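*Asks:* sequence first, then the predicted structure, then my questions.
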Amino acid sequence: MKESKYRDKINIKTEKHLEFDGLESIHVFTHRSVDFLTKLGGSTSWVLDPIRAENCEFVVCSRNNNNGLAESDGIDHGSAFLIGRVSNVVPSLNVPRDEHRFMIEFSEYALITIEDFWQGGRNPVVYLDTWGLLTDDYLDFSTLNWQTVPPRDLEYVQNYFAIENQFYEQRESNIHHSKKRKLIVEEKKLKQEGMSIAEAKKELSIFYSLPLENIEIILKG
């Protein structure tokens, strides 16, 4: 497992941070850009528990540059680049494709840079201890430039979703055709190679649910 470069340390809980003690924040691994996130006013589209997510204080976005839709904007893979104050969790706007997924809305955001903040894992949504986020050398909250999220640019968002959906539909179509071509090649190969007596008996045994020794094949010349 990749070792984090951020060292663990014991922190004294000050009055400044006590209000966040025991609370969670949410960390997402996303290919989307700062431009999209701020024009949407949230991060989408996630499979999560909306009640738990809505009770989170902050959402931290780390970059997934392995996605074919990720922009070349200078943000390194795995780096945290944006933090937002969670204001609501609602169903995704990108339906029907993202039906049953959710959007984490935020009212304010700040741009950040934390290299290698994403530590891997199959789930692109993880939960963080908010008090640890505030005190474990990840961020100096006193220096963050918090900005109010502008009104949602719905036209921009819908156009973005249209391009994104087209990308995924094309990829899914390519995968489907690739599997279909592979199946055709395998079928042709089997026809060319034929089947041995032993293989034929085994297949007949499975098909008719009979013991292999009860299968007899007679060849007539």
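*Replies:* Great, that's in hand. None of these values were measured; they are calculated from a predicted model.
*Asks:* please make it C-alpha for all contacts and neighbour counts, starting now.
*Replies:* Fine.
*Asks:* what residue is smack in the middle of the chain?
*Replies:* The residue lying closest to the centre of the chain (C-alpha atoms, centre = their mean) is P124, at 4.0 Å.
*Asks:* that one reaches V28, doesn't it?
*Replies:* Yes. With contact defined as C-alpha atoms under 8 Å, P124 counts as touching V28 (5.6 Å).
*Asks:* where do the contact lists of these two overlap?
*Replies:* Residues within reach of P124 and of V28 at once, by C-alpha atoms under 8 Å, 6 or more residues apart in numbering: there are none.
*Asks:* name the nearest residue to the residue nearest to the centre of the chain, ignoring sequence neighbours.
*Replies:* Once its chain neighbours are removed from consideration, P124 has its nearest residue in F29; the separation is 4.9 Å (C-alpha to C-alpha, 6 or more residues apart in numbering).
*Asks:* what's near enough to touch that neighbour?
*Replies:* Applying C-alpha under 8 Å, 6+ apart, we find F29 in contact with C61, S62, R63, N64, G78, W118, P124, V125.
*Asks:* what about the helices in the chain?
*Replies:* Counting by DSSP state H, the chain has these helices, from start to end: 15-18, 34-40, 50-54, 130-135, 154-193, 197-208.
*Asks:* on that earlier part again, the residue nearest to P124 pairs with what?
*Replies:* Counting by DSSP bridges, F29 forms beta bridges with S62.
*Asks:* domain map for the protein?
*Replies:* When the chain is parsed with automatic domain parsing, its domains come out as 15-152, 165-214.
*Asks:* give me the distance between the two termini of the shortest one.
*Replies:* This stretch, domain 165-214, spans 54 Å end to end (C-alpha to C-alpha, to the nearest Å).
*Asks:* can you check stretch 67-80 too?
*Replies:* Counting by C-alpha to C-alpha, you get 16 Å between the two ends of stretch 67-80.
*Asks:* give the buried residues for that stretch.
*Replies:* Of the residues in stretch 67-80, those buried by neighbour count under the rule 16 or more other C-alpha atoms under 10 Å are A70, I75, D76, H77, G78, S79, A80.
*Asks:* what does stretch 92-99 give?
*Replies:* By neighbour count, with 16+ other C-alpha under 10 Å as the criterion, the buried positions of stretch 92-99 are S92, L93, N94, D98.
*Asks:* got the contact list for the last one?
*Replies:* In other words, D98. D98 neighbours (C-alpha under 8 Å, 6+ apart): S45, S92.
*Asks:* re earlier: now, the most widely separated pair of the contacts of F29?
*Replies:* The span of those, defined through C-alpha to C-alpha, is set by G78 and V125 at 13.2 Å.
*Asks:* name all residues that make contact with the residue nearest to L37 when sequence neighbours are not counted.
*Replies:* Beyond its immediate neighbours in the sequence, the residue positioned closest to L37 (C-alpha to C-alpha, 6+ apart) is S43, lying 5.9 Å away. S43 is in contact with L37, M103, I104, E105, counting by C-alpha under 8 Å, 6+ apart.
*Asks:* which stretches of the chain have low pLDDT?
*Replies:* 1-22, 174-195, 221 (pLDDT under 70).
*Asks:* circling back: the residue nearest to L37 pairs with what?
*Replies:* Applying DSSP bridges, one finds that S43 bridges with I104.
*Asks:* over to E24?
*Replies:* Under DSSP bridges, the residues paired with E24 across the bridge are D129.
*Asks:* isn't it up against V59?
*Replies:* No. With contacts defined as C-alpha under 8 Å, E24 does not count as touching V59, sitting 9.6 Å away.
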